[in-house]
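Undergrad: After the sequence you'll find the predicted model.
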Amino acid sequence: MRERTSVGTTVIEDGRTAAIALDPVRARLLGALREPGTATSLAAMLGTTRQKVNYHLHALEAHGLVELVEERRKGNTTERVVRATAGAFVVSPQAWAMVAPDPDREPDKLSAQWLLALAARLLREVGRLISAAGRRRVATFGIDGEVRFATAADRAAFVRELGESVSALVVRYHSAEAAGGRPHRLVVALHPAVPPEDPRPATTAEGQS
């Protein structure tokens, strides 16, 4: 029978767990352990010793990032097969709550800092919903797209019309006094697209390879 691979996304909210997961070696192990593996196979992948891999695996397992799949007898030793507890991990700003960005501390709503604070709050709140829901599905909705504006004036007009349209929808459907109603957070963002990274290796100086 084929061993189950890790699926889903886990949101890390604890600072100590985040520090464990963000260690470069342990992050590589988590990526490799989407498929079950052993300390021996992981050591070969990393080019290090089995003892060092076991040290990192114990730390990951202690913080719930890795789980035991099975134990196999090989001669006089027992080989542990482990896998990551999720297919992906996201570190919530909650892990560093004291220094996390807060939209209420950014008065300029047209600034990139305010947008970043909104994104951090979105990640923090959706992360809490995912953690509380367990395996249950969380009802959410998102739109992701790209718009190419011919001029800055077109961009300004788009922002104005988008804001007016969203505000009209909020007025139409918002029921402040509805018995049993549940509030939902609405975030609309617009920012310049980030160019793709150049896959070619960088050179230290022109003409050098």
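TA: It's in.
Undergrad: Not counting sequence-adjacent ones, nearest residue to the residue nearest to the spatial centre of the chain?
TA: The centroid of the chain falls nearest to V90 when counting by CA atoms, centre = their mean (2.9 Å). The shortest distance from V90 to any non-neighbouring residue, by CB to CB, 6 or more residues apart in numbering, is to V11 (5.2 Å). For the C-beta atoms, the positions are set from N, CA and C on the backbone; glycine is no exception.
Undergrad: Identify all contacting residues around the helix or strand hosting that neighbour.
TA: For V11, the host element (DSSP states H and E) is strand 9-12. Contacts to strand 9-12, defined as CB atoms under 8 Å, 6 or more residues apart in numbering, come from residues 18, 21, 65, 85-92, 95, 123, 126-128, 130-131.
Undergrad: one step back: on the three-state scheme, the residue nearest to the centre of the chain is what?
TA: Following DSSP: H, G, I helix; E, B strand; the rest coil, V90 is assigned to strand.
Undergrad: what about E79, neighbour count?
TA: 15 (other CB atoms under 10 Å).
Undergrad: which parts of the helix or strand that it is a member of are buried?
TA: Using DSSP H and E, E79 sits in strand 77-84. By 16 or more other CB atoms under 10 Å, the buried positions in strand 77-84 come out as R80, V82, R83, A84.
Undergrad: Where does the prediction get shaky in the protein?
TA: Filtered on pLDDT under 70, the chain yields the residue ranges 1-4, 198-209.
Undergrad: Pop the domain breakdown of it in here.
TA: 9-89, 101-172 (automatic domain parsing).
Undergrad: before we move on, the earlier item: greatest separation within the buried residues of strand 77-84: which pair is it?
TA: Farthest-apart pair in the buried residues of strand 77-84 is R80 and A84; separation 14.1 Å (CB to CB).
Undergrad: distance between the strand holding E79 and the chain's centre?
TA: Distance of strand 77-84 from its chain centroid, counting by CA atoms, centre = their mean, to the nearest Å, is 26 Å.
Undergrad: Not counting it itself, show me its contacts.
TA: Against strand 77-84 from outside (CB under 8 Å, 6+ apart): 3-6, 30, 33-40, 57, 61, 65-73.
Undergrad: Filter those down to the buried ones and express that as a PyMOL selection.
TA: Command for PyMOL that selects the buried part of the contacts of strand 77-84, burial taken from 16+ other CB under 10 Å:
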select buried, resi 6+30+33+36+37+38+39+57+65+66+69
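Undergrad: Out of the contacts of strand 77-84, which sit inside helices?
TA: If you go by DSSP state H, the contacts of strand 77-84 have L30, A39, T40, L57, E61 in helices.
Undergrad: Could you pull up the residues touching the last one?
TA: Going back to what we said before, that points to E61. E61 neighbours (CB under 8 Å, 6+ apart): E67, L68, V82.
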